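Undergrad: Model the structure of this input:
(4 chains)
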2 protein chains.
Amino acid sequence: MAKETTHPVHRKVTINDIARECAVSRATVSLVLRGSPLVNKHTRARVEEELRRQGYVYNRAAANLRRRTSSSIALVLNDLANPFFAEFAAGVDAAVGDAGFITLLGCTSESSTRELAVLGSLIEHGPAGIILSPAEGSNAQQVLAALGPRTPLLLFNREPGGNLPEYAHWDLLMLDNQRGMRLATEHLITRGHRRIAFFGGHRDSSSCYQRHAGYVEAMQMAGLPIEPHWQVECAPTRIDAAGSTAALFEHAPAPTAAVCYNDAVALGLMLGLNQRGLRPGRDFAVTGFDDIAEASMSMPPLTTLVAAPRARGRQAAELLLQRLHDTALHTRRTVAPVHLVIRESSCPPPAS
Amino acid sequence: MAKETTHPVHRKVTINDIARECAVSRATVSLVLRGSPLVNKHTRARVEEELRRQGYVYNRAAANLRRRTSSSIALVLNDLANPFFAEFAAGVDAAVGDAGFITLLGCTSESSTRELAVLGSLIEHGPAGIILSPAEGSNAQQVLAALGPRTPLLLFNREPGGNLPEYAHWDLLMLDNQRGMRLATEHLITRGHRRIAFFGGHRDSSSCYQRHAGYVEAMQMAGLPIEPHWQVECAPTRIDAAGSTAALFEHAPAPTAAVCYNDAVALGLMLGLNQRGLRPGRDFAVTGFDDIAEASMSMPPLTTLVAAPRARGRQAAELLLQRLHDTALHTRRTVAPVHLVIRESSCPPPAS
DNA sequence: GTTATATTTTTGATCGATCCAATGAGCCCA
DNA sequence: TGGGCTCATTGGATCGATCAAAAATATAAC
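TA: Predicted structure coming up:
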């Protein structure tokens, strides 16, 4: 069979093919590719024409190997299906792309076992750095073992369990959960509420813990009591929240308002309230956390804390990229501010 | 300075380092890494111990270079922030990971210009194949030019504009939009509606076009007329849909039901109806498309078509992986079925 | 015409792995 | 003792790019 037939079924075009055809050396072609000023105008033109003609595509892996560089950032998420993280991922990818890197994706589905497997697989592809939103039950030592001490890591949203080995200088980007929830609680207090519940989430997740702390802080500063049955735990999903609504009203005195762990929970609670014949935003005040897309569109529109996940994504990428430029940089714990957006769900208490 | 000091700040550990320390050749270490049965039990044990000791991590890029293989799949999405695509991405990543590949992510933000840039960047990393959900205005010729004829491509959700060059054998995975919308329309007809609107989306997107065709088909089969003002176009977002509600009622006769382009539009329409004092699910019937998470939790719960984006993601990945195994495989156009899930939003027409 | 200087191009090693053909060791049996 | 055979191991070339230093060519200076 002939070396090449009509159909272009050949192997990939390399720098060598171009060099041969142009009767120059590999090195010259390489210089052209990188836009070096060293190469003569006419040579450059000839080579560029040939690159086009043969449909050459740059092999970045080969270049990275020789230069001992990397052009990728790994992004490992506990839950891509959650719109909050999806937006975050979009932000990361945009910033990573702008910096000339590409994003390697890994999803852990909230399983720390998968997390280790995913990290182990990604690390073999030699990312320049990793952005990790830890799964529940993620363990710092294990993560370190899977990664080695060399790869820069930025932790987003929560800290893995177990104490961080101090020689692993990992950067952190967190939301200001405590202050956010304090603001929401204070807002309800200002509106005249005195019996305020904290609704949803699991207290053993660090973000829920922090948000709860903000709630307690605001209540204590206002000198308001907290009843045990005003603190209802449930999975951070709409369904679970709707189903847990009753718990708020099992004992007297019932609350007149609730700050919710996040928007999903808040929307679920509003659903549950409706089912009990209570109109959220009129008979009972509700606040959320995150400001997901539906928050402003719900009935009634939801008072919540804007976390701006896309902007957080950009920020995470930028923090990591800075760390790449300066490995010696001091470890940073960044706390992103959140701000309260007041909508109709946070009514004053009923006149009764 | 000593060869190694206290802190492990050295360059990466390679197969050579291991070989030297074990006094064997590179080749042997390589065989151990790949679990070859050729290597002696004791040698293997020694090498494996040394691998652990030095914290070796496999350099897959180098291996891929030599073997002329690839271990990544590129996933290019028009809109990651959309929960439908986020779920899809999660499904792709899971299946891709199961097959021992990793996912390279690229977002185009619905811009065909960015799409070309993203494809150009990804292709340099040599993915084994690409899954592409085209941006609006994406053009087949340009995509082909950015990709070259070699890289297997699977198109999801919509077809790029321009006629496909026939020598580019691209696989397709689409939703059964037309049949889905026919089912929804027929369901409303069965419930007793005779004046049914088609609401939302832009007719120039192929998915909207197909869904509209399904609507028309069902109406014609039932011998029902379609008034021009029952066909309202708007951006596929909640806000736009809510704002376009009035258009349905500007002229007589007003419809008693609407099939909506997708769930976001349907939820927006329900909002708009509420604002007009009409209760969706009692005074006016509404259906959606996609079955996003909120659909079952809305007030009232939304009758819609289940597209199962996560399963579609898995399917897309599997179709592509099959194509990798058999390049000669006949080009496939796969149409994923959707099924109707009936909830309370699709009430019968008011008695009047 | 020769030396010096600037410009352009090339040679050969290299990154970290894999492949192939060749080699060495150990064993059995004639 | 050596030929044949299996079992383990190895050297050297290779993938597609880059780099450093050397070489070739052109231009300028005297």
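
Undergrad: From now on I want contacts and neighbour counts done on CA atoms only, so please keep to that.
TA: Will do.

Undergrad: Could you check the pLDDT of whichever residue of the stretch 251-352 of chain A sits closest to DNA strand D?
TA: For the stretch 251-352 of chain A, the residue positioned closest to DNA strand D under Cα to the nearest atom of the strand is residue A:325, at a distance of 16.4 Å. Residue A:325 carries a pLDDT value of 92.

Undergrad: what's the answer for residue A:115, then?
TA: Confidence at residue A:115, expressed as pLDDT, is 98.

Undergrad: does it really touch residue A:135, like I thought?
TA: Yes. Checked against Cα atoms under 8 Å, the pair residue A:115 and residue A:135 is within contact range at 6.9 Å.

Undergrad: and the residue of the stretch 251-352 of chain A closest to DNA strand D, what is it in contact with?
TA: The neighbourhood of residue A:325, defined by Cα atoms under 8 Å, 6 or more residues apart in numbering or on different chains, contains no residues.

Undergrad: Likewise for residue A:88?
TA: Under the contact definition (Cα under 8 Å, 6+ apart), the residues listed for residue A:88 are A:309-314.

Undergrad: 6 Å - rerun?
TA: For residue A:88, the contact set (Cα atoms under 6 Å, 6 or more residues apart in numbering or on different chains) comprises A:309-310, A:313.

Undergrad: ranking the residues you listed by neighbours, who comes first?
TA: residue A:313 (26 neighbours; other Cα atoms under 10 Å in any protein chain shown).

Undergrad: Isn't it up against residue A:91?
TA: Yes. With contact taken as Cα atoms under 6 Å, residue A:313 and residue A:91 are classed as touching, separated by 4.3 Å.

Undergrad: Count the residues that sit near residue A:326.
TA: That count, for residue A:326 with other Cα under 10 Å as the rule, works out to 10.

Undergrad: Ok, the one 4 residues further on next?
TA: By the criterion of other Cα under 10 Å, residue A:330 has 11 neighbours.

Undergrad: Would it be right to say that it lies in a strand?
TA: No. In this structure, residue A:330 is coil, not part of a strand, as judged by DSSP: H, G, I helix; E, B strand; the rest coil.

Undergrad: that older thread, quick check on the residue of the stretch 251-352 of chain A closest to DNA strand D: phi, psi?
TA: When read as degrees, to the nearest 10, the backbone of residue A:325 gives phi -70, psi -30.

Undergrad: and what of the one 10 residues further on?
TA: According to degrees, to the nearest 10, the main-chain angles of residue A:335 amount to phi -110, psi 110.

Undergrad: ok, now residue A:101?
TA: Note on residue A:101: its backbone torsions stand at phi -100, psi 170 [degrees, to the nearest 10].

Undergrad: pretty sure it is touching residue A:74, no?
TA: No. Using Cα under 6 Å, residue A:101 is not in contact with residue A:74, being 10.0 Å away.

Undergrad: who's more crowded, these two?
TA: Shown here are residue A:101 and residue A:74; by other Cα under 10 Å, residue A:74 has more neighbours (27 against 20).

Undergrad: pLDDT of the strand or helix carrying that one, averaged?
TA: Per DSSP states H and E: residue A:74 is located in strand A:72-77. Per-residue confidence for strand A:72-77 averages out to 98 on the pLDDT scale.

Undergrad: by how many degrees do the next helix or strand after it and strand B:72-77 diverge?
TA: Past strand A:72-77, further along toward the C-terminus, the next helix or strand under DSSP H and E is helix A:83-98. Counting by axes from the mean of the first three to the mean of the last three Cα atoms, to 10 degrees, helix A:83-98 points 110 degrees away from the direction of strand B:72-77.

Undergrad: Now helix A:83-98 - C-alpha only, CSV.
TA: Backbone C-alpha positions of helix A:83-98 (Å, rounded to 0.1, in the frame of the first residue of the first chain) are rendered in CSV as follows:
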residue,chain,number,x,y,z
PRO,A,83,-25.8,25.7,40.7
PHE,A,84,-23.6,27.4,43.2
PHE,A,85,-20.6,25.3,42.3
ALA,A,86,-21.5,25.3,38.6
GLU,A,87,-21.3,29.1,38.6
PHE,A,88,-18.1,28.9,40.6
ALA,A,89,-16.6,26.5,38.0
ALA,A,90,-17.6,28.8,35.2
GLY,A,91,-15.7,31.6,37.0
VAL,A,92,-12.7,29.5,37.5
ASP,A,93,-12.6,28.3,33.9
ALA,A,94,-12.9,31.9,32.6
ALA,A,95,-10.0,33.2,34.7
VAL,A,96,-7.9,30.1,34.1
GLY,A,97,-8.5,30.4,30.4
ASP,A,98,-7.6,34.1,30.4
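
Undergrad: Show residues contacting stretch A:265-279.
TA: Under the contact criterion Cα under 6 Å, 6+ apart, stretch A:265-279 has outside partners A:236-238, A:241-242, A:245, A:260, A:280, A:288.

Undergrad: How far off centre is the host helix or strand of residue A:211?
TA: Here residue A:211, judged by DSSP H and E, is contained in helix A:206-221. Relative to its chain's centre, helix A:206-221 lies at 22 Å (Cα atoms, centre = their mean, to the nearest Å).

Undergrad: Buried residues, it. List them.
TA: A:206-219 (16 or more other Cα atoms under 10 Å in any protein chain shown).
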